[in-house]
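Peer 1: need a structure here:
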Amino acid sequence: MSAIAADLVTEVKPQHAFDYARFAQWCADEIADFGRISHIQQISGGASNPTFIVTTRDGAATRKFVLRKQPPGKLLPSAHQVDREYRIMKALSATDVPVPNVRALCMDTSVIGVTFYVMDFIEGRVFEDAQLAGFTPQQRAAVYDDLVGTLAKLHKVDYAAIGLSDFGKPGNYFERQIGRWIKQYRGAQTEDIPAMERLIDYLPAHIPTEDAGLTTIAHGDYRLQNTMVHPTEPRLVAVLDWELATLGHPYADIAYNALLWEFESGTWGWLKGADLRALGIPTQHEFVASWLRRVGRDSIKDWNFYLGFALFRLASIGQGVYKRVLDGNASSVTNTHNRTQGMAEQAWSIIERGPLEIRA
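Peer 2: Numbers count the residues shown, from 1 in each chain. Got it, this is the predicted structure:
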């Protein structure tokens, strides 16, 4: 984890409190240099798995750890699988993909009531501003070069060699994903959105066959905001938020990341309409071409399909968030209007651009 903005660090919320004494004893037994807990604080925000900063002391030494645990209450069988987060970061620690150093996983729910893991706290910076205000053009170029380079490193990992051959289903990724997000959308639908209906008809029937069987580790939520930049240098020190990671198709990851250049987002930041040359930030095509060169591929044939799918997926997720707002079950009430229509219309406009090949 990073040097978190002060307004995101709070005392532990009552609904997320747990047995601190049992937690402390378990950590002391499992982590040799853990020390004695002096303070526990919660990191607020949108994370589905509650996250805490645990400060400890061992003599004169002070250390910080990060606790990630499942939320309280009844959970869906496939949700909040913190053991999968732990497993992939543990496996990737043997590669050149920068990940937090995980220390211990607890599957025994009798300790604090839910599954959890502990990892080292990392000093660094997390940016919501995609334009990186305050950076020089050279520094921005370096960050974006490392952003795409790190994604390429992930996609080049031999997942079987690090014990992840059973981390997901190889092949037919887009077929399965499109079916999943159609189902999710239908389950949360609150109104008729013609653009979503066009996408639901179009996408399953137009999945590119070339490279269909390509399988790598897919992060699932790879973007600047889910990485950490060194405290003073323009380079990545960690990739965060692995809860959606699986075996999947690398084109989904690179297209999802490339949405930064397509739309304006108050949570992601945006690059659409920015003077990229003056900022020192690559264009979308330059970014994707760099990824292609690094993974050793010549081109992506139907780039607009993958971009359209990435935005359709976000639109489906947005519909679910809006439905939870209406039902009074949302963790945040900032989305008081349905953004799905706008995202669906933009996704369809991307599809209407027609096939586009991006070459390395």
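
Peer 1: From now on I want contacts and neighbour counts done on CA atoms only, so please keep to that.
Peer 2: OK.

Peer 1: Can you check which helix is longest in this structure?
Peer 2: If you go by DSSP state H, the chain has its longest helix at helix 303-327.

Peer 1: That helix - contacts with which helices or strands?
Peer 2: With contacts taken as 3 or more C-alpha pairs under 8 Å, 6 or more residues apart in numbering; DSSP states H and E, helix 303-327 sits against helix 173-188, helix 250-258, helix 340-352.

Peer 1: Map the structural domains onto the sequence of the chain.
Peer 2: If you go by automatic domain parsing, the domain ranges for the chain are 6-120, 137-359.

Peer 1: Columns mean pLDDT and distance to Gln131 on top of those, output as TSV?
Peer 2: Below are the domains of the chain laid out as TSV (pLDDT from 0 to 100; distance: least, C-alpha to C-alpha, whole Å):
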stretch	mean pLDDT	distance to Gln131
domain 6-120	90	22
domain 137-359	92	7
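
Peer 1: how far away is Asn304 from Phe312?
Peer 2: 12 Å (C-alpha to C-alpha, to the nearest Å).

Peer 1: more neighbours, those two?
Peer 2: Using other C-alpha atoms under 10 Å as the criterion, Asn304 and Phe312 rank with Phe312 on top: 28 against 23.

Peer 1: residue with max distance from the center of this structure?
Peer 2: Relative to the centre of the chain, the most outlying C-alpha is that of Gly59, 36.9 Å out, by C-alpha atoms, centre = their mean.

Peer 1: okay if I get the domains of the chain as CSV plus distance to Glu128?
Peer 2: Below are the domains of the chain laid out as CSV (distance: least, C-alpha to C-alpha, whole Å):
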stretch, distance to Glu128
domain 6-120, 13
domain 137-359, 5
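
Peer 1: quick one, which of those is packed in tightest?
Peer 2: Highest mean neighbour count among the domains of the chain (mean count of other C-alpha atoms under 10 Å): domain 137-359, with a mean of 18.

Peer 1: Which elements pack onto the host helix or strand of Ala91?
Peer 2: Element membership for Ala91, per DSSP states H and E: helix 82-92. Counting contacts by 3+ C-alpha pairs under 8 Å, 6+ apart, helix 82-92 is packed against strand 102-106, strand 116-120.

Peer 1: Packing partners of the first one?
Peer 2: Other elements packing on strand 102-106 under the criterion 3+ C-alpha pairs under 8 Å, 6+ apart are helix 82-92, strand 116-120.

Peer 1: Can you pull up the most central residue in the chain?
Peer 2: Most central in the chain (C-alpha atoms, centre = their mean) works out to Asp221, at 2.8 Å.

Peer 1: hang on, it packs against Ala255?
Peer 2: No: here Asp221 does not reach Ala255: they are 10.7 Å apart, not a contact under C-alpha atoms under 8 Å.

Peer 1: thought Gln341 was touching Ala195?
Peer 2: Yes: with contact taken as C-alpha under 8 Å, Gln341 and Ala195 are classed as touching, separated by 7.1 Å.

Peer 1: Who are the contact partners of Met196?
Peer 2: Contact analysis of Met196 by C-alpha atoms under 8 Å, 6 or more residues apart in numbering lists 312, 341, 344-345.

Peer 1: The residues you listed: which two are farthest apart?
Peer 2: Greatest spatial distance among the contacts of Met196 (C-alpha to C-alpha): Phe312 and Gln341, at 10.2 Å.

Peer 1: returning to what we had before: need the helices and strands packed on helix 303-327 in JSON lines (columns: distance to Val102).
Peer 2: Below are those laid out as JSON lines (distance: least, C-alpha to C-alpha, whole Å):
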{"stretch": "helix 173-188", "distance to Val102": "29"}
{"stretch": "helix 250-258", "distance to Val102": "24"}
{"stretch": "helix 340-352", "distance to Val102": "36"}
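
Peer 1: And those helices: which comes nearest Ala152?
Peer 2: Nearest of the helices and strands packed on helix 303-327 (C-alpha to C-alpha): helix 250-258, 8.9 Å.

Peer 1: Tell me what angle the closest one forms with helix 173-188.
Peer 2: 60 degrees (axes from the mean of the first three to the mean of the last three C-alpha atoms, to 10 degrees).

Peer 1: could you say what helices and strands the next helix or strand after helix 250-258 packs with?
Peer 2: Sequence order places helix 276-279 as the next helix or strand after helix 250-258, per DSSP H and E. With contacts taken as 3+ C-alpha pairs under 8 Å, 6+ apart, helix 276-279 sits against helix 137-156.

Peer 1: ok and the helix it packs on relative to helix 82-92, angle-wise?
Peer 2: 100 degrees.

Peer 1: ok now helix 137-156, how far from the chain's centre?
Peer 2: Helix 137-156 sits 16 Å away from the centroid of its parent chain (C-alpha atoms, centre = their mean, to the nearest Å).
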